[in-house]
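Chemist: sequence unknown, structure follows:
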């Protein structure tokens, strides 16, 4: 029930970190994977790594900046031309150019965060839904954050954008459910990626992991491989509109 043979998956923010780990996992279950980020050289290296790890030519990279709708349109069109309709999308790309009070955020930073973290995923859904509907369904997966669950004086707007993304996921799940498309969110805690380096690459974070995280460690990109396969495959065929938290226990349901 985890078999993805014959499926095409498109992942943004996938040249490294969580996105690359999830792409590798999908390829390992038989999917063709198209990975995207802003830099083609990094994508070429990442795709070569996936192909070597899996032992077949199953991955390719197409550069695109998710903050620009025309680039996403080209990304989707090229993916369809090369591999056919997309069955699985993982919107993993995100930005956070501002640290500080939400009440003081500059307009440009506000717009950049909301465009990349929320609207770009709506664009992807709009671009990919018609083919998914024609094929009888598909799986849309978007990376949110535990930052959506609480306010912050330093990362407040990032958290706001991820809360909005969860809202988007729920509405897409409601609207596309009758056509067989499932939409779910992944909410990571602090994961040891370059994107989150400010949050974990310091002695305080190591101490917190030892004393406060119930599983007594920070997250790793590899922790998302199984979840990506689960959400992409028929194993989760009756799950939609959910936000799955992967945090070592720091944000338990209450």
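Modeler: Alright, I've got the coordinates. Every value quoted in this text rests on a predicted model; they were computed, and no experiment measured them.
Chemist: mind listing the helices for the protein?
Modeler: Along the chain, counting by DSSP state H, helices occupy 17-28, 40-54, 69-83, 107-114, 120-134, 156-176, 197-200, 203-211, 225-232.
Chemist: looking at these, which is closest to residue 252?
Modeler: Taking C-beta to C-beta as the criterion, helix 203-211 is the member of those that comes nearest to residue 252, at 16.1 Å. Bear in mind the C-beta positions are built from the backbone N, C-alpha and C, glycine included.
Chemist: residues in contact with the closest one?
Modeler: Outside helix 203-211, the residues that touch it by C-beta atoms under 8 Å, 6 or more residues apart in numbering are 190, 199, 216, 217, 218.
Chemist: what's the spacing between the third one and residue 65?
Modeler: The gap separating residue 216 from residue 65 is 38 Å, by C-beta to C-beta, to the nearest Å.
Chemist: comparing the two, which shows the higher neighbour count?
Modeler: Counted by other C-beta atoms under 10 Å, residue 216 and residue 65 do not tie: residue 65 has more neighbours, with 18 against 11.
Chemist: right, and the more buried one touches residue 36 too?
Modeler: No. Using C-beta atoms under 8 Å, residue 65 makes no contact with residue 36, being 9.3 Å away.
Chemist: list the buried residues for stretch 108-127?
Modeler: By 16 or more other C-beta atoms under 10 Å, the buried positions in stretch 108-127 come out as 109-110, 112-125, 127.
Chemist: no wait, stretch 244-254
Modeler: Within stretch 244-254, the residues scored as buried using 16+ other C-beta under 10 Å are 244, 245, 246, 247, 248, 250, 251.
Chemist: now find how far off-centre it is within its chain.
Modeler: With C-alpha atoms, centre = their mean, to the nearest Å as the basis, stretch 244-254 stands 17 Å off its chain's centre.
Chemist: now residue 170. Nearest residue, chain neighbours left out?
Modeler: Closest residue to residue 170 apart from its sequence neighbours, by C-beta to C-beta, 6 or more residues apart in numbering: residue 241 at 4.9 Å.
Chemist: show me the contacts for the one you found.
Modeler: Taking C-beta under 8 Å, 6+ apart as the criterion, residue 241 is in contact with 169, 170, 173, 174, 177, 183, 184.
Chemist: could you redo the last one with a cut-off of 7 Å?
Modeler: Contact analysis of residue 241 by C-beta atoms under 7 Å, 6 or more residues apart in numbering lists 169, 170, 173, 174, 183.
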